[in-house]
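> Got a sequence here, can you build the structure:
(2 chains)
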Protein chains: 2
Amino acid sequence: MATVRLSLQECEAICKKALSKAGLNDAATKIISENITKAERDGCRSHGLFRLPGYCMALQSGRANGKALPEVKNIAPSCVLSDARGGFATPACLAGQSLLVEKAKTNGVAVLLIRRAFHFAALWPDVEPLAAKHGLVAMAFLNSQAFVAHWPGGLHRMYGTNPMAFACPRRSADGLSDKPFVFDQATSFMARGDMTLAAQSGESIPPDAAIDQHGQKTSDPSAGLKGALLPMAGHKGTCLALMVELLAASFTGDAYAFEAAATSGGDTLPTQHGEVILAIDPERCSAGGGREAFLQRVEALFDMVQAEAKEAEAAGGSLRLPSQRRWANRKRAMEEGFEGFEVSEALMSQCVALGE
Amino acid sequence: MATVRLSLQECEAICKKALSKAGLNDAATKIISENITKAERDGCRSHGLFRLPGYCMALQSGRANGKALPEVKNIAPSCVLSDARGGFATPACLAGQSLLVEKAKTNGVAVLLIRRAFHFAALWPDVEPLAAKHGLVAMAFLNSQAFVAHWPGGLHRMYGTNPMAFACPRRSADGLSDKPFVFDQATSFMARGDMTLAAQSGESIPPDAAIDQHGQKTSDPSAGLKGALLPMAGHKGTCLALMVELLAASFTGDAYAFEAAATSGGDTLPTQHGEVILAIDPERCSAGGGREAFLQRVEALFDMVQAEAKEAEAAGGSLRLPSQRRWANRKRAMEEGFEGFEVSEALMSQCVALGE
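Numbering: from 1, shown residues only, chains lettered A, B, ... in the order given. Reported below is the predicted structural model:
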């Protein structure tokens, strides 16, 4: 496969042209282009330029509304509602963020509801700045495409892969670290994308990853793609998937995964995602003496993880925290002499053509 | 094994005598006795009378302070702190509950921090009433004994089994159902109690449940008990275990599992647990029109689960929701002609003797 190198600036410019051409308003074009470029900067290919054709297709088909501007409402002392009005989720998330932060800092905890959003990005960008810039602990829940069966016992696609993300601030020498503890994980055993790759390469999948069309567990990825994904950790993952549906869709009034699947003619992509973001301020809401004491406690835990990692390495193993690869990629991309990132020539041509 | 039948009244009376004799104050004696009895009523043996000797031992050894009365502090508009002051967690949880509910109903979301608590009960009783009586969505996070290794790569016990519980209100014909959706699950793959039972009966354990003393996965439960439990779902469970430690111990200023283990002379029972309970009010904090609209949406999801369960049964399988066994046991225990529950004669004698 022929590849080319792109700088971050080139990537952002390609995105801007394509999204604008597809009818997205200027403010959202800027936000989504930056978001895609940040994903490439961090080495998160699956949410990088690879997604641009999908964004454009969503706009062209009318499933995402390019003209929509988000509307932020102050609905309770600790609650903000950001209505994406059918547009993409990221602008709606950013639009509600400052009021969320203000409410969390005033009251100790606050919640941001995002409704009628087309969510096509990773979930970590929604929580990372709350920890890194504002020192808040944050959790995000997003309902998604109906691909996952209730387990044990379910026979059909019912729940989304329903990611949840969590961010906790960390301390650096001069205040808040720009590398908080962040994870972003689906409640499914395996990503559908990985199952597609396994099917293409003829590999088998773990026996707990999927059921076939008859509701039987299968290690054949093609059978799993026709059937349903399974939740992580059996019944415990089913409980988490249900929790995410209830948080993300019930509060926002948006469609559950199974409803979206039923109304979209077999295409299981919900047009309207719900998302719930909780933010807790350790400065207001902690027993041990505010943000500084909180951060000191957090570092005590990560010192221990660090010691454990050293011991694992000495024994020939390794122990990682989520985001470590992302921080390393980001650091490299911000340094002088960074020669850009690689994409396939085919993808780049497709993306450039979208803007012409 | 010889067994006897006990009525719920008899169970409560036995608990009261034993706890009072062990030095627990009257208010806490009443609360803990009711709690143990409710666990037996619901068929949750592992948190029923079986725990009474442990409660008494904790009091006698001074690890739990029988004289302590919880102190509730209003620390921010959406945040309550309940300091158990070294006593049991359940009285501290109850003491903080009404202010938590008031704050959630006023502001949309609120958090209760419980600190310096000795938590020896199940976690579901801490969230169930918030949903069943007050119509709130609630989540609880509790850090616990250091039994679980960081995975992949960890070699030692680091994290607690770190349960999290979630409750979402449901609707009945005349308002709120007394059977909300509730789950309460550890972030470990398997309970340590089940591993102990497997060791006793000579059964093997699943390959992902534990590592031995050398950090290698093992299917031998005895080796697993000497080593460490593993989190559910590999690295995803490690992330959840870390999240629970950060929420439950960092906000409350209490000990992380590994610190408690280090200071208790090899005994891995923390003396001071932290717990965080979040409560969200769908009446204030929802986009779709308050509690009634929220409950209607929730039932739409459970109608689908119900339809899926019927289809699974028709195909010879079964599909369950958490708590269903508990609701069935509770119903039976509340009906006329209930002949009490069975306990071993040995346990009953031990419990009766504790009160003499």
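> How is chain A partitioned into domains?
A:3-64+A:339-354, A:71-280 (automatic domain parsing).
> now the last one, how far from the chain's geometric center?
Put simply, domain A:71-280 sits 7 Å off its chain's centre (CA atoms, centre = their mean, to the nearest Å).
> Give me the distance between the two termini of that domain.
23 Å (CA to CA, to the nearest Å).
> how about low-confidence regions in chain A?
Within chain A, the segments meeting pLDDT under 70 span A:262-271.
> Give me the residue at the spatial middle of it.
The structure's chain A has its C-alpha centroid closest to residue A:123; by CA atoms, centre = their mean the separation is 1.9 Å.
> Near chain B, which residues of the stretch 101-250 of chain A? Just list them.
Residues of the stretch 101-250 of chain A lying near chain B by CB under 8 Å from any CB of the partner chain: A:106-111, A:113, A:115, A:137, A:150, A:152-156, A:158, A:166, A:168, A:181, A:183, A:185, A:189, A:215, A:232-233, A:235-237, A:239, A:242-243, A:245-247, A:249-250. Just so you know, the C-beta spots here come from the backbone N, C-alpha and C atoms, and that holds for glycine as well.
> Touching stretch A:227-236 from outside, list them.
Applying CB atoms under 8 Å, 6 or more residues apart in numbering or on different chains, the contact partners of stretch A:227-236 are A:147-149, A:151-152, A:154, A:156-159, A:161, A:186-190, A:192, A:195, A:208-215, A:217-218, A:237-238, A:240-241, B:185, B:189, B:232-233, B:236-237, B:320, B:322.
> Just to be sure, which of those residues are found in helices?
Here DSSP state H is the test, and the contacts of stretch A:227-236 give A:192, A:195, A:237-238, A:240-241, B:236-237 as lying in helices.
> Same list (those residues) but as JSON lines, adding distance to residue A:283 and neighbour count.
Shown next, in JSON lines, are the ones in helices among the contacts of stretch A:227-236 (distance: CB to CB, whole Å; neighbours: other CB atoms under 10 Å in any protein chain shown):
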{"residue": "A:192", "distance to residue A:283": "40", "neighbour count": "17"}
{"residue": "A:195", "distance to residue A:283": "43", "neighbour count": "22"}
{"residue": "A:237", "distance to residue A:283": "34", "neighbour count": "26"}
{"residue": "A:238", "distance to residue A:283": "36", "neighbour count": "29"}
{"residue": "A:240", "distance to residue A:283": "29", "neighbour count": "28"}
{"residue": "A:241", "distance to residue A:283": "33", "neighbour count": "28"}
{"residue": "B:236", "distance to residue A:283": "30", "neighbour count": "24"}
{"residue": "B:237", "distance to residue A:283": "30", "neighbour count": "26"}
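> tell me which of the residues you listed is nearest to residue B:204?
Nearest to residue B:204 among these, counting by CB to CB, is residue B:237 at 20.8 Å.
> Find the residue closest to that closest one in space, skipping its chain neighbours.
Distances taken as CB to CB, 6 or more residues apart in numbering or on different chains put residue B:231 closest to residue B:237, at 2.9 Å, once the chain neighbours are dropped.
> can you check residue A:250 too?
residue B:297 (4.6 Å).
> got it, and residue A:190?
That would be residue A:209: by CB to CB, 6+ apart, it lies 4.4 Å from residue A:190.
> picking up where we left off before, my guess is the residue nearest to the centre of chain A contacts residue A:162, does it?
No. Residue A:123 is not in contact with residue A:162 according to CB atoms under 8 Å; the separation is 10.2 Å.
> Overlap of the contact sets of these two?
residue A:142.
> partners of the helix or strand residue A:140 falls within, with directions?
Secondary-structure assignment from DSSP states H and E places residue A:140 in strand A:137-142. Using DSSP bridges, the strands paired with strand A:137-142 are strand A:164-168 (antiparallel), strand A:273-280 (antiparallel).
> what's it in contact with?
A:119, A:123, A:126-127, A:130-131, A:160, A:162-169, A:243-244, A:247-248, A:273-282, B:246-247, B:251.
> about what we covered before: return the closest of the ones in helices among the contacts of stretch A:227-236 with respect to residue B:225.
residue B:237 (19.0 Å).
> what residues are up against the closest one?
A:233, B:151, B:187-189, B:230-231.
> What of residue A:84?
Contact analysis of residue A:84 by CB under 8 Å, 6+ apart lists A:68, A:70, A:91-92, A:114-118.
> Closest one of those residues to residue A:85?
Among those, and counting by CB to CB, the member closest to residue A:85 is residue A:68, at 4.2 Å.
> Count the residues that sit near the nearest residue to that closest one once chain neighbours are set aside.
In space, residue A:68 comes closest to residue A:87 once its chain neighbours are excluded; the distance is 3.4 Å by CB to CB, 6+ apart. Neighbours of residue A:87 under the rule other CB atoms under 10 Å in any protein chain shown: 25.
> just residue A:125 next, same as before
22.
> likewise the one 10 residues further on?
As a burial measure, residue A:135 scores 25 neighbours (other CB under 10 Å).
> hang on, it packs against residue A:284?
No. Assessed by CB under 8 Å, residue A:135 is found out of contact with residue A:284, at 10.8 Å.
> coming back round to it: and the residue nearest to residue A:68, what are its phi and psi?
Torsion angles at residue A:87 (phi, psi; degrees, to the nearest 10) stand at phi -90, psi -170.
> residue contacts, it?
Contacts of residue A:87 (CB under 8 Å, 6+ apart): A:28, A:64-70, A:117-118.
> Go again with 10 Å.
A:24-25, A:27-28, A:32, A:59, A:64-70, A:116-118 (CB atoms under 10 Å, 6 or more residues apart in numbering or on different chains).
> go on, residue A:127?
A:93, A:136-140, A:164-168, A:180, A:182-184, A:277-279 are the contacts of residue A:127 under CB under 10 Å, 6+ apart.
> the inter-axis angle of the lengthiest helix in chain A versus strand A:164-168?
Counting by DSSP H, the longest helix found in chain A is helix A:290-314. Helix A:290-314 and strand A:164-168 are oriented at 110 degrees to each other (axes from the mean of the first three to the mean of the last three CA atoms, to 10 degrees).
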